[in-house]
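this is the structure alone, sequence omitted:
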């Protein structure tokens, strides 16, 4: 951490910097290599309690229709058949528990909702930095990751999908959050 001396100095409410936050996924295609995707846009916030990290919380909202994999046909299929973006426009994550593992590592458990289904997920979170933004604000950086089974949310299309695409999806996030004044 660059300009702060302790985690307790980070206490406050933060908003995600959508321009610097990246939410991605990786799925393995059984006949080929991995397919990577990224959601273009998200919003949310973080409350950091530096004295008692278990009182910290996170909320993230991701537009389902913003998925991009570099293949427009696949993207349309993901939006319509897998994510059902027409009926369920957002994926959301709302924390229910924050547990500090070491000085910069945390396990954040929360409810991940997509396609109208909400399931508990634990995300590995690493605080990668804290620094002044040059305008009197404080920025935090986090890397986050979790592996989910897409079948738990009904993210499936047909038998061929089951045979061709692994049910495990890796979620990868690089998050920048700015403390509110």
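Alright, I've got the coordinates. Fair warning: this is a prediction, and the values are worked out from it, not measured in the lab.

which helix or strand in the protein has the lowest average pLDDT?
Lowest by mean pLDDT, DSSP states H and E among the helices and strands of the chain is helix 159-164, with a mean of 65.

parallel or antiparallel, list what pairs with the very next helix or strand once past that one.
Sequence-wise, the next helix or strand downstream of helix 159-164 (DSSP states H and E) is strand 165-179. Partner strands and pairing direction for strand 165-179 (DSSP bridges) are strand 12-16 (antiparallel), strand 22-29 (antiparallel), strand 138-149 (antiparallel).

the last one - what's its average pLDDT?
Which is strand 138-149. Computed over strand 138-149, the mean pLDDT rounds to 97.

list of residues touching that strand?
Under the contact criterion C-beta atoms under 8 Å, 6 or more residues apart in numbering, strand 138-149 has outside partners 4, 10, 12, 14, 17, 46, 48, 108, 112, 119, 121-133, 167-179. The way it works is simple: take the backbone N, C-alpha and C, and place the C-beta from them, glycine included.

still on that earlier bit, and of the strands paired with strand 165-179, who's closest to residue 81?
Of all the strands paired with strand 165-179, strand 22-29 sits nearest to residue 81, with 13.8 Å by C-beta to C-beta.

so residue 83 makes contact with residue 67?
Yes: using C-beta atoms under 8 Å, residue 83 is in contact with residue 67, at 6.7 Å.

average pLDDT across the helix or strand in which residue 96 is found?
When elements are assigned from DSSP H and E, residue 96 belongs to strand 90-100. Strand 90-100 shows a mean pLDDT of 98.

centre of the chain versus that strand, how much separation?
Distance of strand 90-100 from the chain centroid (C-alpha atoms, centre = their mean, to the nearest Å) equals 9 Å.

how far off strand 165-179 does that strand point, in degrees?
70 degrees (axes from the mean of the first three to the mean of the last three C-alpha atoms, to 10 degrees).

could you point out which element follows strand 90-100?
strand 105-114.

next, the buried residues of that following strand.
Neighbour-count burial for strand 105-114, counted by 16 or more other C-beta atoms under 10 Å, picks out 106, 108, 110, 112-114.

now swap in stretch 68-82 and tell me
In stretch 68-82, counting by 16+ other C-beta under 10 Å, buried: 69, 75, 78-79, 82.

between these, which sits nearest residue 102?
residue 69 (34.5 Å).

quick one: contacts for that closest one?
Residue 69 is in contact with 35-38, 75, 78, counting by C-beta under 8 Å, 6+ apart.

check which residues of stretch 91-99 are buried.
By neighbour count on 16+ other C-beta under 10 Å, the buried set for stretch 91-99 is 91-93, 95, 98.

I should have written stretch 126-144 there, sorry.
Buried, per 16+ other C-beta under 10 Å, within stretch 126-144: 127, 130, 138-142, 144.

I am finished for the moment; much appreciated.
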